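Colleague: I'll drop the sequence and a predicted model, then ask my questions.
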Amino acid sequence: MFEWLSEITGNQILAAFISAIVPVAFIVPFVIFAVWLERKVSAHMQDRLGPMRVGWHGWLQTIADFFKLIQKEDIVATATDKRFFNLAPYLVFVGSYAVYAALPFSSKYIGSNTDLGLFYIIAVSGLVVAGILMAGWSSQNKYSLYGALRSAAQIVSYEIPTALVILAMVMFTGTLNLAKLSDMQTSSFWNWYIFGGPDWGLSKFLVIPFMLVAFLLFYISSLAEVNRTPFDMPEAESELVAGYHTEYSGMKFAMFFLSEYGNMFAVSAVVSVLFFGGYQSPFGYIGNLIGASWMVPFEQVFWFASKGIFFVFVQMWLRWTLPRVRVDQLMTICWKYLIPYAFVNLIIIGLISLI
Amino acid sequence: MKNPQEIFEILSAQFPDANIQIDASLPVEPIISVNPLKINVISKFLAENNEMLFDSLMNLSGVDDANGTKTKDEDGNDVINGGTLSVYYHLHATKLNHKITLKVSAPRENPEVESVENIWKTANWHEREAFDMLGIKFLNHPDLRRILMPYDWEAGYPLRKDYKNPEFYQGMKVTY
Amino acid sequence: MALKTEELVLNMGPQHPSTHGVLRLELELEGEVVTNVKPHLGYLHRCFEKHCEAMTYPQVIPYTDRMDYLASMYNNFGYVVGVEKLLGIQVPERVEYIRVIMGELQRIASHLVALGTYGLDIGAFTPFLYCFIDREKILNLFEITCGARLLYNYMWVGGLSHDIHPDFVRLTKEFIPYFRPHIKELNDLLTYNKIFIERTVNIGVLPIDTAINYGASGPVLRGSGMKWDLRKNDPYSIYDRFDFDIPTGKNGDCWDRYYVRVLEMEQSLRIIEQAIDQIPDGDVQSAIPKRIKPPKGTVYSRVENPKGELGYFIISDGSTSPFRVKVRAPSFVNLSVIGEMCKGHLVADVVAILGSIDIVLGEVDR
């Protein structure tokens, strides 16, 4: 898309700017939708209704909350370290926004078509840790400090199973480039990597159970990366009041929320690209069927978004069902269970990919 | 399973100099009264003796007997002089299933009672509450300070019959 | 060279989402491990005992409601049983049966709040709302009887304030089969959930001897393994006519205390089932004396509150208002054990332990 835009406008900088803005144009409506979805999902699971008055079944509720948060007083306590206190939310947002640069929304649009896509995603999502630590420390509040330290330990530990699963996928597929990964899973859902990949043969069928295990390991680690229940110790309301964002109010608080939901979608999108075909449709494109091939990229965006939203929905479902895991149990799960399983999985998939 | 009269006889045989008396005249339960400075040894006996085995202190309450003389001081407030403050102990044996009520009375001007905290740990907070509300000092209590009122409440002990609320507490008006 | 570390003092202050009221816990921490817990009380002290000395005996009853506001029927029950012992009057059979039914319904309602908020403390948000749906049905039953949903002023000395509504028996009989499957649903959702079990088993273990010495009662004592229930061991009212079991735990940890409460709800349903068929006819207000002036004397009466042993020590000096009323509140005594139970656990466990003791600050501070 960058090349097409720079042809049209004749100015490379303008084209780069426009193609970098597209994810924001996606994130903001997505967050509005996701917050509404979370409130409705939680309400219906708890046998109540959720927001019903602001718009049809409350879909304008998030916009109303956004207006409320903007006009709130920005309280900054005098004892805080002002530079870092103000900088932290934006750093967290940058960490989750930068992941969108490597996500393939469709075959025609990808922010940056690097051959290092997956590696870049893991690296840059670690920036969130720095932001959270800054937020916790500069708040000068013991509760925030606890939340921030727990969060840092959690995110850093759970990067490892994530990386191990990605390593297994790379061995099997042979590429780190997300656009190429999506491209390889063409034509129908049985070519998706969760079902073994597009190359038919013995390895495809042997690897299916291990792909399932890899998917589960990756999904659980990604839940911990985004601080969602059952791993939401850092923002455990009942113990730490609100964890690392206790002292934030108004727009900065909204920034934390924006980055949390952005992160949720980013991680769900990576899951769907790795295992479920990315932007590919499960059974072919309507555009191709009726001969209007210009429609195909838009259909691909639709499939990409709906797969991502489905996994976000599953994350919300888990949040409202399961209780919270304690900090040391969280670490035990990571180091004593997920990492050994991921290693064994890696070895087995590596062996199978030699076939 | 013993009734209070039998327990009274065993106790007065065991501790002849502790001034033990029983009062069974009023409803509902008979009360054994004891010297306040001997309550610790008596409680130890009651808790450990094989025929008694009172292992559970159900309740410990301080009472202002209001049996002194009432006078009026210079502000026109009632003041009680003389008389006693009492502490009632309700004991229960879970294995032998009998109950007993003990009472100690201490003079109002300097109420001192031995603490039974080392025998039944329940007494820790109950005695702090009796101290807080009535001013009864418990000797050998590990941590005797106020529990329900603020720690720096200077205006006296609220459950005494001649207690008057102060005008101000830390700049806030108390009475309305 | 050793790293110098200091103890951190963390205040789970009076305003905190999970201290069940205004309670201040001062935690001394080394890293995340708790070395000492010091509770500070008194934030909700309303001088109940001083008020009683200025009221007449019937006027005290609305004040007793407000101590343990989640189990008001039982607060009334304890007080009127004590005063009736002093007066030496016997209430009609109908009154006894209705009191037992109301008390057991109140026990179920109070345990539902305890279980729901305990799930909330552990992080499971949904069982809280499911418990409250069932509690609403019970509050409806109370509302048609005496008009109030939370603070009833229902049991008076010598009788009741209102007779039961004509539909009450039918609605209660419909409630019982409605509620039984919901206990099973709660078990599937929370009790046997692996994460919940990891959070609560072997946390806050309380041995039996410590429990008795500290005066613990109710589910806290039964969770440690002692089969002790005042309805059977020291019967009051007509509880000796009904057939029910006393559930106990094995370990004395948080999961046992929680599970004892779940099982107690089932036993309360059994009592209600037996009692609702046997209510005799009569007049609920026939034995209420015109003027309550007990003779001089003292009485200590205790009942089995949902939270534990609730005791009223009433001293009468022969006039129409009590000379001294001392309330032995179960939450006050159960809370004193928290220092013993929390040593060596993490901060998150303190919340779990506090939730399993199930305190109500109105009772702790009176």
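Modeller: Now that the structure is in, tell me what you want to look at.
Colleague: Starting from residue B:57, give me the distance back to residue C:198.
Modeller: As for residue C:198, its distance to residue B:57 is 36 Å (criterion: Cβ to Cβ, to the nearest Å). Yep, even glycine has a C-beta here, placed from its N, CA and C like the rest.
Colleague: So for the two, which sits in the more crowded spot?
Modeller: Legend: neighbour count by other Cβ atoms under 10 Å in any protein chain shown for residue C:198 and residue B:57, higher for residue B:57 (27 against 17).
Colleague: OK, contacts around the residue nearest to that one when sequence neighbours are not counted?
Modeller: Closest residue to residue B:57 apart from its sequence neighbours, by Cβ to Cβ, 6 or more residues apart in numbering or on different chains: residue B:120 at 4.1 Å. Counting by Cβ atoms under 8 Å, 6 or more residues apart in numbering or on different chains, residue B:120 makes contact with B:43, B:47, B:55, B:56, B:57, C:213, C:215.
Colleague: sec struct for residue C:69, please.
Modeller: coil (DSSP: H, G, I helix; E, B strand; the rest coil).
Colleague: which residues sit in contact with it?
Modeller: Contacts of residue C:69 by Cβ under 8 Å, 6+ apart are C:150, C:151, C:360, C:362.
Colleague: my read: residue C:266 touches residue C:182, true?
Modeller: No: taking Cβ atoms under 8 Å as the definition, residue C:266 is not a contact partner of residue C:182, at 11.0 Å.
Colleague: follow-up on the earlier one: gap between the residue nearest to residue B:57 and residue B:31?
Modeller: Going from residue B:120 to residue B:31 by Cβ to Cβ gives 19 Å.
Colleague: check contacts around the residue nearest to residue A:191 when sequence neighbours are not counted.
Modeller: Leaving aside its chain neighbours, residue A:191 sits nearest to residue A:198 (4.3 Å; criterion: Cβ to Cβ, 6+ apart). Residue A:198 makes contact with A:184, A:185, A:186, A:191, according to Cβ under 8 Å, 6+ apart.
Colleague: swap the cut-off to 10 Å and go again
Modeller: Applying Cβ atoms under 10 Å, 6 or more residues apart in numbering or on different chains to residue A:198 gives the contacts A:173, A:183, A:184, A:185, A:186, A:187, A:188, A:190, A:191, A:192, A:204.
Colleague: Please pick the buried ones from those.
Modeller: The neighbour count (16 or more other Cβ atoms under 10 Å in any protein chain shown) marks A:173, A:183, A:184, A:185, A:191, A:192, A:204 as buried among the contacts of residue A:198.
Colleague: Name the SS class of the residue nearest to the first one when sequence neighbours are not counted, please.
Modeller: Nearest non-adjacent residue to residue A:173, counting by Cβ to Cβ, 6+ apart: residue A:181, 6.2 Å away. Assigned with three-state DSSP, residue A:181 falls in the helix class.
Colleague: same check, this time on residue C:106
Modeller: Assigned by three-state DSSP, the conformation of residue C:106 is helix.
Colleague: ok, and the closest non-adjacent residue to it?
Modeller: Spatial nearest neighbour of residue C:106, chain neighbours left out: residue C:73 (4.0 Å); criterion: Cβ to Cβ, 6+ apart.
Colleague: now residue C:131
Modeller: residue C:116 (3.5 Å).
Colleague: you'd agree the one you found is up against residue C:122?
Modeller: No: counting by Cβ atoms under 10 Å, residue C:116 sits too far from residue C:122 to count as a contact (11.2 Å).
Colleague: Which neighbours do those two have in common?
Modeller: residue C:190.
Colleague: Between those two, which is the more surrounded one?
Modeller: Neighbours per residue (other Cβ under 10 Å) separate residue C:116 from residue C:122, with residue C:122 holding more: 29 against 22.
Colleague: Quickly name whichever of the contacts of residue A:198 is closest to chain C.
Modeller: Nearest to chain C among the contacts of residue A:198: residue A:192, at 30.3 Å, using Cβ to the nearest Cβ.
Colleague: Let me see the contact set for the closest one.
Modeller: A:184-186, A:198, A:211, A:272, A:274-278, A:280, A:282.
Colleague: mind pulling up the phi and psi values for it?
Modeller: Dihedral pair for residue A:192: phi -70, psi 150, per degrees, to the nearest 10.
Colleague: ditto for residue C:301
Modeller: Taking degrees, to the nearest 10 as the convention, residue C:301 sits at phi -120, psi 140.
Colleague: which residue packs closest to it, ignoring adjacent ones?
Modeller: What sits nearest to residue C:301 in space, not counting adjacent residues and going by Cβ to Cβ, 6+ apart, is residue C:82, at 3.5 Å.
Colleague: Lowest-scoring secondary structure element of chain A by mean pLDDT?
Modeller: helix A:237-240 (a mean of 52; mean pLDDT, DSSP states H and E).
Colleague: Next one, pLDDT for the residue in the stretch 151-300 of chain C that chain B sits nearest to please.
Modeller: Residue nearest to chain B within the stretch 151-300 of chain C: residue C:215 (3.3 Å; Cβ to the nearest Cβ). Predicted confidence (pLDDT) for residue C:215: 86.
Colleague: what do you get for residue A:1?
Modeller: Looking at residue A:1, its pLDDT is 68.
Colleague: Repeat that for residue C:113.
Modeller: 91.
Colleague: what's the spacing between it and chain A?
Modeller: 15 Å (Cβ to the nearest Cβ, to the nearest Å).
Colleague: helix/strand/coil for that residue?
Modeller: Under three-state DSSP, residue C:113 comes out as helix.
Colleague: what does residue C:64 give?
Modeller: Criterion first, three-state DSSP; result for residue C:64: helix.
Colleague: and the closest residue to chain A within chain C, how many neighbours?
Modeller: Residue nearest to chain A within chain C (Cβ to the nearest Cβ): residue C:123, separated by 2.7 Å. Using other Cβ under 10 Å, residue C:123 has 25 neighbouring residues.
Colleague: Skipping its backbone neighbours, what lies nearest it in space?
Modeller: residue A:324 (2.7 Å).
Colleague: If I follow the layout properly, that neighbour ends up in contact with residue A:318?
Modeller: No: the pair residue A:324 / residue A:318 is not scored as a contact, 11.5 Å apart, by Cβ under 10 Å.
Colleague: who's more crowded, those two?
Modeller: residue A:324 (26 against 16).
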